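Engineer: Let me see the structure of the following:
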Amino acid sequence: MLKGYIKLSLQLFFFMSIITLSSCDKENDSTPKIVIEPSQVNIEVELYSSKTLKAILDDVTLAPEEVIWSSKDTSIVSVDQNGYIHAHWAGETEVVATLINGDVSASCRITAYDKHSYKLRLNLKDKGASNFSLDRPLEFLSRKAIERRVNQNLSIDESDLPISQDYIKDVEKIGGKLVAKSKWLKTITVHIDDVTLLDKYTQLSFVKNVEKVWQGSKASEKSAKTVEVYEAATGQVSAKSNIDSAYYGEAWDNIKMNKGHALHELNYKGDGIDIAVIDGGFSNIKTNPSLSNISIKGAKSFIYEKPNVYEKPDRTDKAHGLWVTSCMATNIPGKYVGTAPEANYWLFATEDSSSEYRVEQDYWVAAMEYADSVGVDIVNTSLYYKHSGLQPFEYLWENLDGKTEKATCAANMAAEKGILIVCCAGNDNSWVGTPSDSPNILTVGSVGTSGLISDFSSFGMTVDGRIKPDIVSLGGYVRVIGESGFINHRFGTSFASPIICGLAACLWQANPHLSNKELMDIIKQSADRYSSPELPYGFGIPDMEKALQLIQ
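Structural biologist: Numbers count the residues shown, from 1 in each chain. Below you'll find the model as predicted:
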């Protein structure tokens with residue numbers, strides 16, 4: 001019995017020892033463990049869609065300062081220090097939460113799905129082998145475009161050659177639809193419904209990289225084709241007449257600040273000068289009773305979803321192009337006479353008023369290249385780009401340096417081709433956007449009838465230390481022609497710009513041997529602050545009477 005008792009005691013001791021050892025092991029396992037809730041997330045790629053993750057330690061949610069959040073692929077999903085995640089592109093990745101000491105972490109699987117269509121800008125390494133030759137320029141440039149280069153001693157070079165058709169075909173084989181292309185900047189822009197095509201584009205040997213420049217609902221995409229319209233000039237040259245305030249009618253204030261009548265009195269009204277208006281919609285301009293006698297050489301929409309340049313507006317600002325054009329082209333003595341009533345006009349729509357995406361720069365560049373190819377002399381563009389509807393690709397002041405943004409690069413190139421570009425400064429009382437930051441275009445701010453700066457007019461020093469705007473003109477309480485033919489009043493640098501643009505056309509008519517750069521310099525020299533330029537006026541208000549004396 002004693003042996004049995006001893007045996008039982010030994011067994012009991014052995015059992016208790018195991019329990020004690022097990023308990024000690026548990027107490028020594030002091031490494032903290034964290035988890036992420038939820039552990040898996042499905043999230044839609046949407047501008048305002050986001051979800052919140054929580055890092056939990058021992059059933060306690062950690063504060064933001066106790067954990068570091070990171071994404072393994074920020075092109076798919078980004079995460080901030082509060083655990084908010086936002087999806088940028090379809091795909092799968094992981095978000096990691098790490099304790100502040102860096103020893104322990106947990107991960108969460110993220111699946112981003114997409115219901116959008118996209119427009120992608122393919123930046124090319126080169127333009128490829130061309131089927132065209134610099135010895136045969138009439139195959140890719142109009143005779144008038146060639147004459148402009150000859151008159152200003154400008155050469156036709158490689159930048160004038162189109163992108164290889166083989167490249168275009170290779171892009172189209174992958175899928176998607178061609179939206180725009182630029183021979184100057186070596187880009188191709190495509191519209192896609194399938195986001196997986198992006199990877200296929202990047203695998204093309206001639207593609208340097210791909211940028212997302214637009215997103216929208218697949219349901220709203222119309223898959224439209226750009227419509228091009230050529231029209232015979234219908235303008236009527238005005239007979240010489242006594243030039244006074246009654247002659248200009250409601251447009252007198254638009255003219256007198258810059259002494260535009262000094263040009264018109266000598267019958268310099270823009271005859272023989274081709275002006276392109278790159279803008280928004282030109283609704284009803286063909287049927288407008290006040291604009292029935294203007295000379296329209298052609299019209300073209302570069303906006304993928306909106307092929308009709310004369311589209312009837314569903315928003316008031318879609319008549320913006322009409323208002324802008326009327327400041328120059330209207331020719332009804334006694335009622336309203338614009339600043340260049342005898343010029344020829346090309347109407348190009350690039351502004352998609354339903355959104356604010358970077359693809360509008362691609363449209364703008366395509367329009368500028370087209371303007372060059374048909375022989376346009378002057379471009380008015382009452383547009384500027386500073387805000388993007390596509391996160392995280394907002395515009396940065398540092399990039400508005402006169403040489404970085406696509407529209408600015410195209411403006412610089414167009415200036416090298418002999419085109420004078422007049423652009424509005426903007427209406428948000430801050431630094432100017434693109435292409436108005438270009439050193440090679442005439443950027444126009446706004447003043448009221450008193451000559452004092454308008455409170456909305458944008459201005460500032462560029463990154464490289466230049467003053468913008470270059471000059472100012474009437475932009476406060478400007479008379480324009482409305483859709484029905486009646487005279488309206490508008491405010492904005494959008495209208496100061498065409499007032500100057502039209503007068504520049506008349507000035508060029510007075511001396512067609514000037515280069516675009518000489519013409520721009522003369523306009524600056526005629527301004528009232530030329531000897532001491534200052535913000536927000538730049539060189540100030542130009543004087544066309546003085547400009548005439550300078551060119552003589």
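
Engineer: Quick check: bridge partners of the closest residue to Val376 other than its chain neighbours?
Structural biologist: Leaving aside its chain neighbours, Val376 sits nearest to Ala276 (4.3 Å; criterion: C-beta to C-beta, 6 or more residues apart in numbering). C-beta: built from backbone N, CA, C; applies to glycine. Beta bridges link Ala276 to Trp346, Val379 when assigned by DSSP bridges.

Engineer: what's near enough to touch Ala276?
Structural biologist: By C-beta atoms under 8 Å, 6 or more residues apart in numbering, the residues touching Ala276 are 345-348, 367, 371, 376, 378-380.

Engineer: Let's have these in CSV, adding distance to His387 and neighbour count.
Structural biologist: Shown next, in CSV, are the contacts of Ala276 (distance: C-beta to C-beta, whole Å; neighbours: other C-beta atoms under 10 Å):
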residue, distance to His387, neighbour count
Tyr345, 29, 27
Trp346, 27, 22
Leu347, 25, 28
Phe348, 22, 27
Ala367, 20, 26
Ala371, 25, 27
Val376, 28, 30
Ile378, 27, 26
Val379, 22, 27
Asn380, 22, 32
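
Engineer: so can I have JSON lines of those showing distance to Asp157?
Structural biologist: Converted to JSON lines, those look like this (distance: C-beta to C-beta, whole Å):
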{"residue": "Tyr345", "distance to Asp157": "29"}
{"residue": "Trp346", "distance to Asp157": "24"}
{"residue": "Leu347", "distance to Asp157": "29"}
{"residue": "Phe348", "distance to Asp157": "24"}
{"residue": "Ala367", "distance to Asp157": "21"}
{"residue": "Ala371", "distance to Asp157": "18"}
{"residue": "Val376", "distance to Asp157": "19"}
{"residue": "Ile378", "distance to Asp157": "22"}
{"residue": "Val379", "distance to Asp157": "20"}
{"residue": "Asn380", "distance to Asp157": "26"}
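
Engineer: okay if I get the residues you listed as CSV plus pLDDT and distance to Lys403?
Structural biologist: Output for those, formatted as CSV (pLDDT from 0 to 100; distance: C-beta to C-beta, whole Å):
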residue, pLDDT, distance to Lys403
Tyr345, 98, 30
Trp346, 97, 27
Leu347, 97, 29
Phe348, 96, 24
Ala367, 98, 20
Ala371, 98, 21
Val376, 98, 23
Ile378, 98, 22
Val379, 98, 19
Asn380, 98, 22
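
Engineer: List just the nearest of these to Gln552.
Structural biologist: For the contacts of Ala276, the minimum distance to Gln552 (C-beta to C-beta) is 20.8 Å, reached by Ile378.

Engineer: Find the residue closest to Asn440 in space, skipping its chain neighbours.
Structural biologist: Using C-beta to C-beta, 6+ apart, the nearest residue to Asn440 is Ala415, at 3.7 Å.

Engineer: Could you look up the SS state of that neighbour?
Structural biologist: helix (DSSP: H, G, I helix; E, B strand; the rest coil).

Engineer: burial of it, as a residue count?
Structural biologist: 19 (other C-beta atoms under 10 Å).

Engineer: so which strand or helix has the residue sitting nearest the centre point of the chain?
Structural biologist: For the chain, the residue nearest the mean C-alpha position is Gln361 (3.6 Å; C-alpha atoms, centre = their mean). Element membership for Gln361, per DSSP states H and E: helix 359-373.

Engineer: How about Arg149?
Structural biologist: Assigned by DSSP H and E, Arg149 falls in helix 143-151.

Engineer: Before we go further, Val171 is sitting in a helix, right?
Structural biologist: Yes - the assignment for Val171 (three-state DSSP) places it in a helix.

Engineer: show me what contacts it?
Structural biologist: 122, 178, 188, 190, 201, 204.

Engineer: Likewise for Cys423?
Structural biologist: 380-384, 411, 435-436, 438, 441-444, 497.

Engineer: before we move on, back to that, for the helix holding Arg149, which residues meet the burial criterion?
Structural biologist: 145-146, 148-149 (16 or more other C-beta atoms under 10 Å).

Engineer: Same question for stretch 94-111.
Structural biologist: 94-99, 106-108, 110.

Engineer: And stretch 441-460, by the same measure?
Structural biologist: Those would be 441-448, 453-454, 456-460, for stretch 441-460 by 16+ other C-beta under 10 Å.

Engineer: and Ile110, what element?
Structural biologist: With DSSP H and E as criterion, Ile110 is part of strand 105-113.

Engineer: ok, and what's touching that strand?
Structural biologist: Defining contact as C-beta under 8 Å, 6+ apart, one finds that strand 105-113 is touched by 33-36, 38-45, 53, 55, 71, 76-77, 85, 87-99.

Engineer: make it 7 Å
Structural biologist: 34-36, 39-45, 53, 55, 76-77, 85, 87, 89-98 (C-beta atoms under 7 Å, 6 or more residues apart in numbering).

Engineer: now do stretch 76-90
Structural biologist: For stretch 76-90, the external contacting residues (C-beta under 7 Å, 6+ apart) are 41, 43-45, 49-55, 64, 69-71, 75, 91, 93, 95, 110, 112-114, 195.

Engineer: Of those, select the buried ones using a PyMOL command.
Structural biologist: To isolate the buried ones among the contacts of stretch 76-90 in PyMOL, judged by 16+ other C-beta under 10 Å, type:
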select buried, resi 41+43+45+51+53+55+69+71+91+93+95+110+112+114+195
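
Engineer: mind showing which ranges of the chain have poor pLDDT?
Structural biologist: 1-31, 47-48, 219-227, 229-242, 312-318, 388-394 (pLDDT under 70).

Engineer: per-domain residue ranges of it.
Structural biologist: 34-114, 117-220, 228-551 (automatic domain parsing).

Engineer: So which of those domains is the most surrounded?
Structural biologist: Among the domains of the chain, domain 228-551 has the highest mean neighbour count (mean count of other C-beta atoms under 10 Å), at a mean of 21.

Engineer: from the chain's centre, how far out does that domain sit?
Structural biologist: 17 Å (C-alpha atoms, centre = their mean, to the nearest Å).

Engineer: That domain spans what distance, first to last residue?
Structural biologist: Using C-alpha to C-alpha, to the nearest Å, the end-to-end distance of domain 228-551 comes to 38 Å.

Engineer: do the same with stretch 121-130
Structural biologist: First residue to last in stretch 121-130 (C-alpha to C-alpha) measures 21 Å.

Engineer: for stretch 55-73, same thing?
Structural biologist: For stretch 55-73, the end-to-end distance is 19 Å (C-alpha to C-alpha).

Engineer: Specify the beta-bridge partners of the residue nearest to His116 when sequence neighbours are not counted.
Structural biologist: Leaving aside its sequence neighbours, His116 sits nearest to Gln215 (C-beta to C-beta, 6+ apart; 4.6 Å). The partner list for Gln215 in beta bridges (DSSP bridges) reads Tyr118.

Engineer: how close does Gln215 sit to Asp135?
Structural biologist: 43 Å (C-beta to C-beta, to the nearest Å).

Engineer: thinking Ile296 is in contact with Ala343, fair?
Structural biologist: No - between Ile296 and Ala343 there is no contact under C-beta atoms under 7 Å: 10.8 Å.

Engineer: Strands of the stretch 201-350 of the chain, residue ranges please.
Structural biologist: 207-217, 228-230, 274-279, 295-301, 331-332, 336-337, 344-349 (DSSP state E, counting those that start in this stretch).

Engineer: TSV please, covering the ones you listed and showing distance to Asn153.
Structural biologist: Shown next, in TSV, are these (distance: least, C-beta to C-beta, whole Å):
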stretch	distance to Asn153
strand 207-217	33
strand 228-230	30
strand 274-279	20
strand 295-301	26
strand 331-332	34
strand 336-337	35
strand 344-349	24
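
Engineer: So which of these is nearest Ala407?
Structural biologist: Checking the strands of the stretch 201-350 of the chain against Ala407 by C-beta to C-beta gives strand 274-279 as the closest, at 9.9 Å.
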